[in-house]
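>>> have a look at this prediction, sequence included:
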Amino acid sequence: MEVFVAESGEMETLDLSTPPPGYHLLNFRSSILFKTRDRYEIKVGLNISNLFNKTYKNYLSRMRYYAHDLGRNIILNISLDY
């Protein structure tokens with residue numbers, strides 16, 4: 001097998017630091033639909049990312065050297081269709 005690398009005037013940076021440890025995240029998503037007498041539909045949803053608030057660093061993130069990724073994130077959605 002041959003590998004060809006063209007010559008360039010730029011210096012290559014090598015990442016010699018140890019990679020962050022592996023991790024598993026658990027997310028939760030649920031929604032329910034209510035119908036009113038006036039034919040309106042109300043949808044209520046709940047999304048929770050990183051349910052157990054796990055501290056982790058994404059290997060592909062450039063910010064991994066400086067900060068952890070996001071902790072628990074909770075989003076409540078309410079929509080009305082008329």
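Perfect, thanks for sending it. Note that the structure is predicted; figures quoted are calculated from it, not measured.
>>> ok, so what distance separates residue 72 from residue 55?
Relative to residue 55, residue 72 is positioned 11 Å away (CB to CB, to the nearest Å). Every residue, glycine included, has its C-beta placed from N, CA and C.
>>> equivalent analysis for residue 75, please.
For residue 75, the distance to residue 55 (CB to CB) stands at 21 Å.
>>> residue 24 too?
Distance from residue 24 to residue 55, by CB to CB: 12 Å.
>>> element containing the closest residue to residue 59 other than its chain neighbours?
If the residues on either side of it in the chain are set aside, residue 59 comes closest to residue 19, at 5.5 Å by CB to CB, 6 or more residues apart in numbering. For residue 19, there is no enclosing helix or strand under DSSP states H and E.
>>> do you know the pLDDT at residue 19?
At residue 19, the pLDDT value in this model is 85.
>>> wait, it touches residue 58, no?
No: taking contacts as CB atoms under 8 Å, residue 19 lies outside contact range of residue 58: 10.6 Å.
>>> who has more neighbours out of those two?
Ranked by neighbour count (other CB atoms under 10 Å), residue 19 and residue 58 place residue 58 first, with 13 against 9.
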